[in-house]
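In: build the 3D model from these lines:
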Amino acid sequence: MTSHRGKREANRRQIRQDLAFSAVRLFDQEGFDETTVDEIVSEAGVSRRTFFRHFPTKADVVFYDHEERLSLIEEALSRLGSDQPTLAALSELTEAIVPTFTEPEAFFLTRHSVLRANEALRQREQAIGLAYTRILARFLAPRLAFHSQGKLLADVVAGATVIVFNRAQYEWASSGGATDPFSATKSGMALLSEVFARVVEPDQVSASGQPTLVVISRDGLVQPDILERLGRALAD
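Out: Okay, the predicted model is just below:
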C-alpha cells in the first residue's frame, strides 16, 4: 500500500513538473497571455483534463513548486531543536532551501524571464512570498515570547529572512546564473543576525562578552531617558 501511494505521488509530481516546464518554455517564447492551455498540454503530452486536475488556472502552473516548498520548509522547521539558537536555525534553513529556487537551472532562469515580463505574475509571486513569511513567523513567535512585542518581532525577522533569500535568488537569476546564491544567502543572513542578535538572542549576546548595562537605583526607579543616555555613553 505504501509503495503504491509513493509511486502515485511520484507520478503526480512528475506530471506537475512536466506541465510547468512546458508552460514556462512556451510563456517565454510566445508570451503568457498568448499561450493557450491547449498548447501547454500538447507540449507536455497530456490532456486538458489532466492539466486542470493539477492546476486551477494557467497562472498556477508557473508556481507549481510552491506547495512542495512550503511543506519542505515546515518539515525542516519541525526538525530544529529547541536548544538551537534561533538565528543560527534560520541561517541553516535558508541555505538548505537555496536549491529549491535554483535547480534545475534552466527552468528557474526561464521562469525569471517570464515573471519579469508579466506584472500580474510578479504580483502573484509577491503574494506567495507572504506564505513563507507566515510560516517563519509561526516558528519564531514562541521563541520570542519573552519579548514584550514578540509577535511583532517575529513578523519583522521572518520578513527580513524572506527578503534575504528572495534577493539572493533574484540576483542569481538576473545574472543568468553567474552569481553564487549560497554565498549571497549566507552573507545576507550574517547581516540579519548582526542586526537582530541583541533583541532575538539577548542571552547569547551577553554570554559572548558584549557589554551589558546594569543600573542599581536606591528607590528602584530609573527614568528611561537616563538609561538611554548611559547606554549611548558606554557604547561611545
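In: could you list the low-pLDDT ranges of the protein?
Out: The chain contains residues with pLDDT under 70 at 1-2, 204-236.
In: again, only using 80
Out: 1-5, 203-236 (pLDDT under 80).
In: where exactly do the helices run in it?
Out: All helices of the chain, identified by DSSP state H, fall at 2-30, 37-44, 48-54, 66-79, 86-97, 99-102, 105-116, 119-143, 150-174, 181-200, 202-207, 224-235.
In: now distance to residue 60 and mean neighbour count too, for the ones you listed, in JSON lines please.
Out: Heads up, the C-betas are built off the backbone N, CA and C, glycines and all. As requested, those are exported to JSON lines (distance: least, CB to CB, whole Å; neighbours: other CB atoms under 10 Å):
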{"stretch": "helix 2-30", "distance to residue 60": "9", "mean neighbour count": "15"}
{"stretch": "helix 37-44", "distance to residue 60": "11", "mean neighbour count": "16"}
{"stretch": "helix 48-54", "distance to residue 60": "8", "mean neighbour count": "14"}
{"stretch": "helix 66-79", "distance to residue 60": "9", "mean neighbour count": "13"}
{"stretch": "helix 86-97", "distance to residue 60": "21", "mean neighbour count": "19"}
{"stretch": "helix 99-102", "distance to residue 60": "18", "mean neighbour count": "16"}
{"stretch": "helix 105-116", "distance to residue 60": "13", "mean neighbour count": "18"}
{"stretch": "helix 119-143", "distance to residue 60": "9", "mean neighbour count": "15"}
{"stretch": "helix 150-174", "distance to residue 60": "20", "mean neighbour count": "19"}
{"stretch": "helix 181-200", "distance to residue 60": "25", "mean neighbour count": "17"}
{"stretch": "helix 202-207", "distance to residue 60": "42", "mean neighbour count": "12"}
{"stretch": "helix 224-235", "distance to residue 60": "51", "mean neighbour count": "10"}
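In: let me see the contact set for the nearest residue in space to residue 181 that is not next to it in sequence.
Out: Distances taken as CB to CB, 6 or more residues apart in numbering put residue 172 closest to residue 181, at 4.2 Å, once the chain neighbours are dropped. Neighbour list for residue 172: 101-102, 178-181, 184 [criterion: CB atoms under 8 Å, 6 or more residues apart in numbering].
In: max pairwise distance over the residues you listed: which two?
Out: 101 and 178 (15.5 Å; CB to CB).
In: much appreciated, bye for now.
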